[in-house]
Structure formats: structure tokens, C-alpha cells
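> let's see this in three dimensions:
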Amino acid sequence: MLLRAEDSVDVSLAPLGDAAVDGQLSNKRQPPPLRVLHVLDHLDTGGTEYGVLKVMNGFPQTQFDSRICVMRSSNAELMNSAALCGRVFHAGGRAEGRQMGIFRLRQIFRAWRPHIVHSRNWGAIEAIPAARWSRVPVVIHSEHGYELDMLKGLPLRRRLIRRGFYQMADAVFAVTRDLSLYHARQVGWSSGRISTMYNGVDTIRFAPCSANRRLIREQLHLPEGRFVIGVVGRLVPIKSYSTLLKAAVQLLELGCDLSVVVVGAGPERKALEQAASQLGDRALFLGERNDLPALYNALDVFAQTSICEGMSNTLLEAMASGVPVVATRVGGNPELVSDGTTGLLFSPGDVSSLSAKLARLANDPSLRQRLGESARARALTEFGLSQMLTAYERLYMTLAERRGLLAGR
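Numbering: from 1, shown residues only. Below is the predicted model:
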């Protein structure tokens, strides 16, 4: 019997402390590992990829033997890292667009024989029919974010393909309610047929630390009294970091002692550096960094200026670090940020509104402290890594049991 995406899978969960994850998972009687293959379009330093790594590293290999299958290009450093070395399959070339990787996928599936195939986003969607063709027992697909070309709706061809392929999957979910509703509308499904499973953040690794604040500010030559605004992410048009730079110029002209710290790499860097010329040495472009937990602590405010957004991992990391956030009122952001309680929201591209909200925070340290503490509390209770891992474990094991994969183990 083919299980459809509309078959209900309970992914609700009770809050758990992150420190309890290992104990909760390891104290259960573990069956032989289920082989799980995560299929991605690209393997790079984006939020979707790191979300997969959280899932892979969150469970002992005695429970889930997890690998990654990449449809197109891979970041060599990430692929050869200790966490992934020897655990990555390649199903296509480096070219963009559809490559009919379904045949290569079938070869990989038949050779490795995964129990569960979990594809993510449009770029890996052909893994669904390939898995069905290869008689993979459990097939899951999830949607993790927006691209600019999605804002006006999907082309008819994509809608029809998605609808047909979604029907083949045992479960389809998205990482925010907004994204779930978007894709349900695009394929003509009722609102409840695509589930929601939130990302999680490691609230132990990302946590307030005054020592890190002092250390990073000294390294970056930022005076303690200066108002420091930070962004972390890919330097691409959809992030609209120019909105922040324009707002920062307005504040600087009004006499605000500020600096803007931009962390990340991407094709927009040169244009953004030119846009930041009026800020002079008040704009710091740091590139990619491996010390993000410490860097967040150096910020007074984290700004998220995206034109559209799925579920921002960097927003979660800032919240867990106790940093007040100012974010656009788009996509999944309002599901993370309660306006006036755990942060402040503004309309995308509204430089004046962003400038006003940043000025309010610059002039009110007590408000920054209250928002940061509330943001940290919400990350702990609703968006911890343990909650995400519990949801994934429940989904995988429920579907595996339905397919009879746990019998006799």
C-alpha cells in the first residue's frame, strides 16, 4: 500500500532541554541502524545543508546510518570534512537546470539500498520518483526556503511536477507554516496536507557570553560603547543587505556611534562594499567565519533584512545568543519573532522603518536587554536542537514502522 503525503504523521513534541538529547536517544533500546539518504541539490555552506548536518550528527550511527547524495556541485572543504568524508554520493554534474539525474539516482539507491530517502527543495525533487522506481521503502520530501523567482508564484510546469511528485511521497513537510501554506496553494492542496517541522538551534553552543563579547570586540577594534549591528548569511540579492547599509548611513548622519558587521560570502560582496562606502571603516566585511557563537555575542542587534525567507537559521542563532533582532515581516520570520516581545519587525525594503527601529534600540539599552532575554527564552522553549531531533526521529521511525522496517530488529 502506497502511503500518501496526506497520511497523518504526528510530529508534535514536548519541549526538551538540549542537554537531554543524547540521553534521550541513547537510553532507548536501539535497533540495527536504518540507512537514511539525504538528497540535496548542492552541498555548500547554506542553511539547508547545515540543517542536514544537524540531523546527521544528532543521532548515533547505531540508530541512523546517514549519508548525503548531491545532485550538482559540492563544497570540497565541507565534503572532505571529518563529518562527511566518505559519506557523500554524487548523482549529477555541475551544470544548472534539470539534468534528468533520476537514472543516476536509481543506480545509487539500488547500490546502497537506503531504507529512507529524504529529498529537499526543488533541486532534488526527482529523488522522489527515483526512490519509488528503486523500491525504497520510505520517501520523504521537505521544502526549506524561498528564492526570488518564487515570489510571483511557481510556473505551471513546476506546480504540476511538484503535485505529482508530492503524491508519491510518504510525507511532505516545510520548515515554517508560511512555507507549508505556500506550497499547498501552489499545488492545489488543502492547507493541512503539508506538515510543518521547525529547524532547531544548539542553545548550548549559541548562548550569551560576556567574555566572548569582550574578546571579539577587541579583535575587531570595536569600542565597548559603540552600537554594533550585525548580519550573518549569504551575500545574495534575496538577503537585501543594502537595506541595512542605507539605514546605517541615516543613523550615522544623525550622530549615532555605530558599526555594521557583515559576516558571509557571496556574489553581492563587491556591490555591498561599494554601497557601504559612506560608512567608511564603520562597515566591516569579515567573510565566512568559523567562530559564529562568539561573534554573535559582540553584537548589540542582529538585523535580518531578507525580501523573503523560509526559516532563518541565523535568526535562531542570534536569538539563542540573547541578541535582540530586527527582522523583515516576511515568510517564517513572524513565526520566530514576536514583534515587541522577542524582537522588532519591519516591512522589507523600508529603510526609514528599519532606521527608526535601530535608533530606538541604540537609545534604549534596557529594551535591548529585555528583547534579547525574551528571544533567548523562546529559543530554549520552542526552537532548541532537541525539539528538532525529536521531531525527525518521530517522523522517521513512524514511517519505518508503517513499512515494517522495524519488525524483527
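> can we go C-alpha only for contacts and neighbour counts from here?
OK.
> list the buried residues for the helix or strand containing residue 129?
Using DSSP states H and E, residue 129 sits in helix 127-133. Within helix 127-133, the residues scored as buried using 16 or more other C-alpha atoms under 10 Å are 127-132.
> next one: the spatially closest residue to residue 183 that is not a sequence neighbour from residue 185, what distance?
What sits nearest to residue 183 in space, not counting adjacent residues and going by C-alpha to C-alpha, 6 or more residues apart in numbering, is residue 194, at 7.8 Å. As judged by C-alpha to C-alpha, to the nearest Å, residue 194 and residue 185 stand 10 Å apart.
> looking at those two, which one has more neighbours?
Neighbours per residue (other C-alpha atoms under 10 Å) separate residue 194 from residue 185, with residue 194 holding more: 25 against 14.
> residues in contact with that one?
5-6, 171-174, 180-181, 183-184 (C-alpha atoms under 8 Å, 6 or more residues apart in numbering).
> nearest to residue 322, of these?
residue 174 (26.2 Å; C-alpha to C-alpha).
> didn't that closest one look like it was pressed against residue 195?
Yes - the criterion here is C-alpha atoms under 8 Å, and residue 174 meets it with residue 195 at 6.3 Å.
> spit out the residues that contact those two alike.
In contact with both residue 174 and residue 195: residue 180, using C-alpha under 8 Å, 6+ apart.
> name the next helix or strand downstream of the helix-or-strand element of the chain with minimal mean pLDDT, please.
Ranking every helix and strand in the chain by mean pLDDT, DSSP states H and E puts helix 21-26 at the bottom, with a mean of 51. Next along the chain after helix 21-26, taking DSSP H and E as the criterion, comes strand 34-40.
> dump stretch 387-397 to PDB, restricted to CA.
C-alpha atoms of stretch 387-397 as PDB (Å, rounded to 0.1, in the frame of the first residue of the first chain):
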ATOM      1  CA  GLN A 387      13.000  19.600  19.700                       C
ATOM      2  CA  MET A 388      14.000  19.300  16.100                       C
ATOM      3  CA  LEU A 389      15.800  16.000  16.600                       C
ATOM      4  CA  THR A 390      12.800  14.600  18.400                       C
ATOM      5  CA  ALA A 391      10.500  15.600  15.500                       C
ATOM      6  CA  TYR A 392      12.800  14.000  12.900                       C
ATOM      7  CA  GLU A 393      13.200  10.800  14.900                       C
ATOM      8  CA  ARG A 394       9.400  10.500  15.400                       C
ATOM      9  CA  LEU A 395       8.800  11.000  11.700                       C
ATOM     10  CA  TYR A 396      11.500   8.600  10.500                       C
ATOM     11  CA  MET A 397      10.600   5.900  13.000                       C
END
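> in that stretch, what's buried?
387-396.
> among the residues you listed, which ones are in helices?
Counting by DSSP state H, the buried residues of stretch 387-397 place 387-396 in helices.
> could the residues you listed go into CSV alongside pLDDT and distance to residue 136?
CSV is the format used below for these (pLDDT from 0 to 100; distance: C-alpha to C-alpha, whole Å):
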residue, pLDDT, distance to residue 136
387, 95, 27
388, 96, 24
389, 96, 23
390, 96, 23
391, 96, 22
392, 97, 18
393, 97, 18
394, 97, 19
395, 97, 16
396, 97, 13
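> quick check: closest non-adjacent residue to residue 377.
Distances taken as C-alpha to C-alpha, 6+ apart place residue 320 nearest to residue 377, at 7.7 Å, with adjacent residues excluded.
> check residue 303 too.
residue 326 (4.9 Å).
> so what's residue 148 closest to, chain neighbours aside?
residue 238 (6.2 Å).
> what residues are up against the one you found?
Counted by C-alpha under 8 Å, 6+ apart, residue 238 has contacts 147-148, 306-308.
> of those residues, which is the most crowded?
Neighbour max across these (other C-alpha under 10 Å) = residue 306, 24 neighbours.
> residue 336: how many residues sit nearby?
Residue 336 has 22 nearby residues by other C-alpha under 10 Å.
> again with residue 363
12.
> ok, it to residue 226 distance?
11 Å.
> with residue 367 instead?
Counting by C-alpha to C-alpha, the gap from residue 367 to residue 226 is 16 Å.
> and residue 58, by the same measure?
Counting by C-alpha to C-alpha - residue 58 and residue 226 are separated by 38 Å.
> these two - which one has more neighbours?
Shown here are residue 58 and residue 226; by other C-alpha under 10 Å, residue 58 has more neighbours (19 against 15).
> didn't that one look like it was pressed against residue 388?
No - here residue 58 does not reach residue 388: they are 9.5 Å apart, not a contact under C-alpha under 8 Å.
> tell me the one of the ones in helices among the buried residues of stretch 387-397 nearest residue 47?
residue 388 (14.5 Å).
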